[in-house]
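Enquirer: Task: produce atomic coordinates for the following.
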Amino acid sequence: MTNGTGPQQSPNPPRVAPAWEPYSPGPPPSPAPPASASAMPPPVPGTGVHAQQGVIAPPPIPGTGLNAQLHAPQAIYLRPQTIYVPARPEKSLALAYLLWFLFGILGVHQFYLGKVGRGVSYVFTAAWLTVGWWIDLFTLPRQVRQVNELQDLR
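Expert: Numbering: from 1, shown residues only. Here you go, the predicted model:
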C-alpha cells in the first residue's frame, strides 16, 4: 500500500554509477591464503622426487655431490652387426627396349632404370620433343650396363 505520496522505495536502492565512474559490482575477491610449508610432505631420499616442488629430478651421482643433469650422457658402445641386403636383380636390356618402344615418350624406360629425374623430364616434355627418345635408341645398352655395374658396387 502507498500512503499517497508515490510508490514506495526499497530501503537499499540499487546504486547507479555516474558516467565518469567505472562500475564495480562489489569488493574484489580476497586472494587465497598462502599454503604453509608444513602442509607438504618431506622429500623422499634416494628417489629424486621433491615433494615440495612436485618435480621428478634425477638422483644425485653418488660420491660427487652433483646432480645427473650437470653431466653429459655416457656413450653406449654396441657390437657391429652384419646386415644382409638381398641382391637386386639386374636390369634387362630386352625389357628396357620394350618399355622404350611402348612407353618411351613418357620415359617409362628411364623410371625402370632408376633415373627418376630424367623420367620426370621425359613425362613433361614428351621425351624432349622426341629427341631424347631417338637418342635412347642408341644409348640404351650403355645405360643398362651402367645401372647394373652400379648395383654390383652396392
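Enquirer: Surely Val120 touches Gly107?
Expert: Yes: taking contact to mean Cβ atoms under 8 Å, the distance of 7.4 Å between Val120 and Gly107 places them in contact. Glycine gets a C-beta too; all of them are placed from N, C-alpha and C.
Enquirer: which one of these two has more residues nearby?
Expert: When neighbours are counted by other Cβ atoms under 10 Å, Val120 and Gly107 differ, and Gly107 comes out ahead with 28 against 13.
Enquirer: per-residue pLDDT, that one?
Expert: With respect to pLDDT, Gly107 scores 94.
Enquirer: these two touch, right, it and Thr125?
Expert: No: with contact taken as Cβ under 8 Å, Gly107 and Thr125 are classed as non-touching, separated by 9.1 Å.
Enquirer: ok, and what's touching stretch 144-154?
Expert: With Cβ atoms under 8 Å, 6 or more residues apart in numbering as the test, stretch 144-154 has contacts from 85, 87-88, 90-93, 96, 113-114.
Enquirer: mind redoing it with 7 Å?
Expert: When contacts are defined by Cβ atoms under 7 Å, 6 or more residues apart in numbering, stretch 144-154 is touched by residues 88, 90-91, 93, 96, 113-114.
Enquirer: just the CA coordinates of that stretch, formatted as CSV?
Expert: Extracted C-alpha coordinates of stretch 144-154, given in CSV (Å, rounded to 0.1, in the frame of the first residue of the first chain):
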residue,chain,number,x,y,z
VAL,A,144,71.5,-50.6,-68.7
ARG,A,145,75.2,-51.7,-68.4
GLN,A,146,76.0,-48.6,-66.2
VAL,A,147,73.0,-49.3,-63.9
ASN,A,148,73.9,-52.9,-63.5
GLU,A,149,77.5,-52.0,-62.6
LEU,A,150,76.4,-49.6,-60.0
GLN,A,151,74.1,-52.2,-58.5
ASP,A,152,77.1,-54.6,-58.2
LEU,A,153,79.0,-52.0,-56.3
ARG,A,154,76.3,-51.5,-53.7
